[in-house]
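Undergrad: Following is a predicted model, sequence given first.
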There are 2 protein chains.
Amino acid sequence: MSKTKEFIYPPKWGAGASTGVRLACEVRTRIISGMITKGTILSENKLASEFEVSRSPIREALKILASENIIRLERMGAVVVGLTEQDIKEIYDVRLLIETFVYERIVKIDTSELVRELSKILEMMEVAIKYKDADEFSYQDVLFHETIIRSINHSYIMLIWNNTKPVMESLILLSMRMRLEEKYDDFTRILKNHEVYIKAIKTKDRAIMIQALHQNFDNVQGEVGDLWMSQQMLTEGRER
Amino acid sequence: MSKTKEFIYPPKWGAGASTGVRLACEVRTRIISGMITKGTILSENKLASEFEVSRSPIREALKILASENIIRLERMGAVVVGLTEQDIKEIYDVRLLIETFVYERIVKIDTSELVRELSKILEMMEVAIKYKDADEFSYQDVLFHETIIRSINHSYIMLIWNNTKPVMESLILLSMRMRLEEKYDDFTRILKNHEVYIKAIKTKDRAIMIQALHQNFDNVQGEVGDLWMSQQMLTEGRER
DNA sequence: GTCGATATACTTGTATACAAGTATAATAGT
DNA sequence: ACTATTATACTTGTATACAAGTATATCGAC
């Protein structure tokens, strides 16, 4: 149909994955960004012709998005549910739940290797900012938190992470792209916040961890605000 | 191939669902029960011919099982991971995490309707026991916990539940079938435990809730024990 | 006998074809 | 003009076909 050629989800992020997974990432990001508005009814055939693939990978993508509650698979077509402000709060409820649980485990194990890894990621983030690469920054940001969660070797906590990660990833990506243009100072605040995370893990001081989580949550509220602005702009852009 | 006709997962439970989802339930239960041993390599073609369907629904099923960490999708074939004792502990970590979170929300809302629903389910469970229907009992047991979780209207907590539910369901189903034969008394203990849940919700007394969760956890450890026995028996049965 | 290359029989990923069902629109009857 | 019915153009779910890649096994050279 419209044969949209520009992908807003970084293609290299989905390099190894199958077409279905890549399409899920692209459609997910478009929905979260507001490019695809909620209420829209997605048909497998239309998506297939739009992305110039067959229905097989499209089906795979829709199944993934449905499992994330981003769309709802119905008898006729998949209706776009999108994210409400409520949803975003809820995602962070879960993230807080997970990270709190993870930290309780972390204080019981040796974290020297973890701290090394996190320090490396943090430096990568610094470089990403230096070169104004919002995508790379987002990637490392997500990786940072994933690394922490992975460190406790808990497959079911990891499973929860894997189910919430994609949405988080898109949220962060869109937010960071936005901020790179308009709120450049935010990045230094985010870096500081991550330093606190590392410090909390190094010292195993719960008070510091709580501080880190709270700061992160505050950053997030900013992110959410940005996102709505972003959606607003996109909508206006389309209607222009 | 072997064209196994007997399904160990109650067919009526998957009545409305697509073939792929039903197959996922069946294969999941077989893996958890030990009928399909860990390490086995499942091929889409073999499964398709065994269940006498095409590869499409099989692919769907395998995707689902992979998202639950029960199998691992690799280049050549899907290798059965199964559940370790560790995994089962971890599932209950998550369930404890969720139910604790849910309870913190529940104490803030009106629960009269919820208590009514739970009481109904509890009576259903009593009837199920009376007629020695382990499957129905399991169904209501899972529904009981799902009803509690659903009551707080938190879509992302619900998402986590939806991802852990299938495994829980199979675990409970297999365990209950086992107990019906050998440890009939356990059922009254489980019923008592559920009464405590209801009481905790009605009175909004955290201490009682903790008691309920602990009792449930103790019941679970029994379940796990049963399961290993069950696997043992099945293995011996096959080798006989 | 041992090592290496090729051939074959698998595997998955994607595309296409077909069947069953549903909503919409157009048409016929009143 | 309005209602009921039929036709059609969609939808998804499943089956099949094809392409690309991988492990294994067989066969040949040394």
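TA: That came through fine.
Undergrad: residue boundaries of the strands in chain A?
TA: A:41-42, A:71-73, A:78-80 (DSSP state E).
Undergrad: Among these, which comes closest to B:Ile32?
TA: B:Ile32 lies closest, by Cβ to Cβ, to one member of the strands of chain A: strand A:71-73, at 26.2 Å. (C-beta placed from N, C-alpha, C; glycine too.)
Undergrad: Show me which parts of the closest one are buried, residue by residue.
TA: By 16 or more other Cβ atoms under 10 Å in any protein chain shown, the buried positions in strand A:71-73 come out as A:Ile71.
Undergrad: Tell me who's in contact with A:Glu113.
TA: By Cβ atoms under 8 Å, 6 or more residues apart in numbering or on different chains, no residues touch A:Glu113.
Undergrad: Return the distance of the residue positioned nearest the centre of chain A relative to DNA strand D.
TA: Geometric centre of chain A, nearest residue: A:Glu169, 1.4 Å, by Cα atoms, centre = their mean. Using Cβ to the nearest atom of the strand, to the nearest Å, we find A:Glu169 at a distance of 25 Å from DNA strand D.
Undergrad: Spatially nearest residue to that residue (excluding sequence neighbours)?
TA: Using Cβ to Cβ, 6 or more residues apart in numbering or on different chains and skipping the chain neighbours, the partner closest in space to A:Glu169 is A:Val142 (5.1 Å).
Undergrad: Counting neighbours, what do you get for the closest residue to A:Gln211 other than its chain neighbours?
TA: Using Cβ to Cβ, 6+ apart and skipping the chain neighbours, the partner closest in space to A:Gln211 is A:Val196 (6.0 Å). Close neighbours of A:Val196, defined as other Cβ atoms under 10 Å in any protein chain shown, add up to 18.
Undergrad: do A:Ile208 as well
TA: When neighbours are counted by other Cβ under 10 Å, A:Ile208 comes out with 17.
Undergrad: and if you look at the one 5 residues further on?
TA: When counting by other Cβ under 10 Å, one arrives at 20 neighbours for A:Leu213.
Undergrad: before we move on, what about the one 4 residues further on?
TA: A:Phe217: 14 surrounding residues under other Cβ under 10 Å.
Undergrad: what sits against A:Phe7?
TA: Taking Cβ under 8 Å, 6+ apart as the criterion, A:Phe7 is in contact with A:Glu26.
Undergrad: Hmm, A:Ser138 and the residue nearest to the centre of chain A touching each other?
TA: Yes: assessed by Cβ atoms under 8 Å, A:Glu169 is found in contact with A:Ser138 at 7.2 Å.
Undergrad: returning to that earlier point: now the strands of chain A in TSV, with distance to B:Glu126 and mean pLDDT?
TA: Shown next, in TSV, are the strands of chain A (distance: least, Cβ to Cβ, whole Å; pLDDT from 0 to 100):
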stretch	distance to B:Glu126	mean pLDDT
strand A:41-42	45	94
strand A:71-73	36	95
strand A:78-80	40	95
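Undergrad: Reformat those as TSV; add distance to DNA strand C.
TA: Shown next, in TSV, are these (distance: least, Cβ to the nearest atom of the strand, whole Å):
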stretch	distance to DNA strand C
strand A:41-42	10
strand A:71-73	14
strand A:78-80	12
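Undergrad: wait, which of those is closest to A:Trp13?
TA: Of the strands of chain A, nearest to A:Trp13 by Cβ to Cβ is strand A:71-73, at 20.6 Å.
Undergrad: helices or strands up against the closest one?
TA: When contacts are defined as 3 or more Cβ pairs under 8 Å, 6 or more residues apart in numbering or on different chains; DSSP states H and E, strand A:71-73 packs onto helix A:55-67, strand A:78-80.
Undergrad: Run me through the strand neighbours of it, direction for each.
TA: Within its sheet, strand A:71-73 is paired with strand A:78-80 (antiparallel), according to DSSP bridges.
Undergrad: Identify the residues contacting the strand it pairs with?
TA: In contact with strand A:78-80 (Cβ under 8 Å, 6+ apart) are residues A:31, A:36-44, A:62, A:65-66, A:70-72.
Undergrad: Of these - the most surrounded one?
TA: Comparing those by number of neighbours (other Cβ under 10 Å), A:Ile71 comes first, having 27 neighbours.
Undergrad: What's opposite that one in the beta bridge?
TA: Bridge pairing for A:Ile71 - DSSP bridges - gives A:Val80.
Undergrad: isn't it right up against A:Ile64?
TA: No: contact status for A:Ile71 versus A:Ile64: not in contact, 9.5 Å apart, counting by Cβ under 8 Å.
Undergrad: Which neighbours do those two have in common?
TA: By Cβ under 8 Å, 6+ apart, A:Ile71 and A:Ile64 have no common neighbours.
Undergrad: Quick check: residues of chain A near DNA strand D?
TA: A:42-46, A:55-56, A:59, A:73, A:75-78 (Cβ under 7 Å from any atom of the strand).
Undergrad: I'd like the residues you listed written out as CSV, with distance to A:Ala200 added.
TA: As requested, the residues of chain A next to DNA strand D are arranged in CSV below (distance: Cβ to Cβ, whole Å):
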residue, distance to A:Ala200
A:Leu42, 42
A:Ser43, 48
A:Glu44, 46
A:Asn45, 50
A:Lys46, 48
A:Arg55, 48
A:Ser56, 45
A:Arg59, 43
A:Leu73, 41
A:Arg75, 49
A:Met76, 50
A:Gly77, 47
A:Ala78, 41
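Undergrad: count of residues packed around A:Asn162?
TA: 15.
Undergrad: again, but for A:Lys63
TA: A:Lys63: 19 surrounding residues under other Cβ under 10 Å.
Undergrad: can you pull the contacts of it?
TA: The contact partners of A:Lys63, taken as Cβ under 8 Å, 6+ apart, are A:Leu73, B:Glu60, B:Lys63.
Undergrad: Please tell me how far it sits from B:Ile58.
TA: Going from A:Lys63 to B:Ile58 by Cβ to Cβ, to the nearest Å gives 14 Å.
Undergrad: Pass me the low-pLDDT residue ranges in chain A, would you?
TA: For chain A, residues meeting the criterion pLDDT under 70 lie at A:1-5, A:220-240.
Undergrad: care to break it down by domain?
TA: A:11-80, A:85-239 (automatic domain parsing).
Undergrad: Can I get those domains in a markdown table including distance to B:Ala200?
TA: As requested, the domains of chain A are exported to a markdown table (distance: least, Cβ to Cβ, whole Å):
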| stretch | distance to B:Ala200 |
| --- | --- |
| domain A:11-80 | 28 |
| domain A:85-239 | 20 |
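Undergrad: which one of those domains lies closest to B:Val127?
TA: Minimum separation from B:Val127 across the domains of chain A (Cβ to Cβ) falls at domain A:85-239, 32.9 Å.
Undergrad: chain center to the closest one: distance?
TA: Taking the mean of its C-alpha atoms, domain A:85-239 sits 9 Å from the chain's own mean (Cα atoms, centre = their mean, to the nearest Å).
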